[in-house]
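Pasting the sequence and the predicted coordinates here, then a few questions.
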Amino acid sequence: MPAPRILHGTRLSGHSHRVELFLHLLGLPFEFVDSPGTVRATPAFRRLNPLGQVPVLDDEGLALADSNAILVYLAKRYAAGGDWLPEDPLGAARVQRWLSLAAGEIAYGPASARVNARFFDTGVPPALAQRLAGRVLGLMEGELAERDWLAGAAPSIADIACYAYVAHAPEGGIDLAPYPRVRAWIGRVQALPGFVPMPDA
Ligand SMILES: N[C@@H](CCC(=O)N[C@@H](CS)C(=O)NCC(=O)O)C(=O)O
């Protein structure tokens with residue numbers, strides 16, 4: 001019998017949520033292990049991820065850290081050849097562009113604004129977080145005029161990586177009213193079969 005699939009995360013982490021969401025969309029069974037700061041500080045957790053961050057996916061004994069790396073792994077291992085992560089050079093590059101934005105402008109923009117407002121001071125100045133949020137939301141709004149999904153005609157891990165922190169941007173004081181196409185895209189992600197929400201902070 002294979003070792004179980006375990007997602008170490010926290011319920012209010014958008015990084016954890018993107019992995020949880022993708023596991024559900026792929027229909028892969030897993031156990032969620034809540035891993036707050038006290039757990040992340042333990043030697044056992046540090047062996048899984050020396051950075052002490054969630055999410056970590058333990059996939060039948062193989063421990064993987066970093067949410068976007070986990071999305072790539074899951075797409076290639078369990079959905080190879082599909083639209084979640086295209087094989088062709090241009091399709092793959094278009095997805096990677098949004099994974100980079102998720103780890104850059106989205107992490108330091110809407111995600112940091114939410115953490116600053118609801119949890120603790122991230123060290124990212126609020127004005128910078130707001131500016132980055134405006135920049136990436138403006139980009140999304142423009143590109144979603146041309147297609148329904150961020151990286152192409154079908155949903156991909158680009159959409160999964162960007163979803164939680166954009167959908168929950170209002171918790172950081174970022175108004176989504178000026179971005180109707182972004183709000184429609186949020187609705188399309190929420191309508192995907194198997195969608196699970198991240199709780200409100
Ligand atoms: N690049 C990482 C970032 C993950 C991350 O920032 N996780 C936060 C929770 S949302 C965390 O564990 N923070 C604790 C810490 O950095 O010590 C990823 O994409 O998984």
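Ah, there it is.

so where is the protein shaky, pLDDT-wise?
1-2 (pLDDT under 70).

Let me see the ranges of the strands in it.
5-9, 31-34, 56-59, 62-65 (DSSP state E).

tell me what the longest helix along the chain is packed against?
In the chain, assigned by DSSP state H, the helix with the most residues is helix 126-143. Secondary-structure packing of helix 126-143 (3 or more C-beta pairs under 8 Å, 6 or more residues apart in numbering; DSSP states H and E): helix 105-106, helix 112-118, helix 157-167, helix 180-190. Glycine gets a C-beta too; all of them are placed from N, C-alpha and C.

chain center to the third one: distance?
Spelled out, that is helix 157-167. 5 Å (C-alpha atoms, centre = their mean, to the nearest Å).

That helix vs the ligand: in contact?
No - using C-beta under 6 Å from any ligand atom, helix 157-167 never reaches the ligand; the gap is at least 8.5 Å.

Convert the C-alpha atoms of that helix to PDB, please.
Extracted C-alpha coordinates of helix 157-167, given in PDB (Å, rounded to 0.1, in the frame of the first residue of the first chain):
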ATOM      1  CA  ILE A 157      -2.000  26.200 -13.100                       C
ATOM      2  CA  ALA A 158      -1.500  30.000 -13.900                       C
ATOM      3  CA  ASP A 159      -5.100  30.500 -12.800                       C
ATOM      4  CA  ILE A 160      -4.700  28.300  -9.800                       C
ATOM      5  CA  ALA A 161      -1.500  30.100  -8.600                       C
ATOM      6  CA  CYS A 162      -3.100  33.500  -8.900                       C
ATOM      7  CA  TYR A 163      -6.600  32.800  -7.600                       C
ATOM      8  CA  ALA A 164      -6.500  33.000  -3.800                       C
ATOM      9  CA  TYR A 165      -4.700  36.200  -3.200                       C
ATOM     10  CA  VAL A 166      -6.500  38.000  -5.900                       C
ATOM     11  CA  ALA A 167     -10.000  36.800  -4.800                       C
END
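
what's next to it, contact-wise?
With C-beta atoms under 8 Å, 6 or more residues apart in numbering as the test, helix 157-167 has contacts from 14-15, 17-18, 21-22, 25, 67-68, 71-72, 75, 84-85, 94-95, 97-99, 101-102, 106-107, 110-111, 114, 137, 140, 149-151, 176, 182, 185-186, 189-190, 198.
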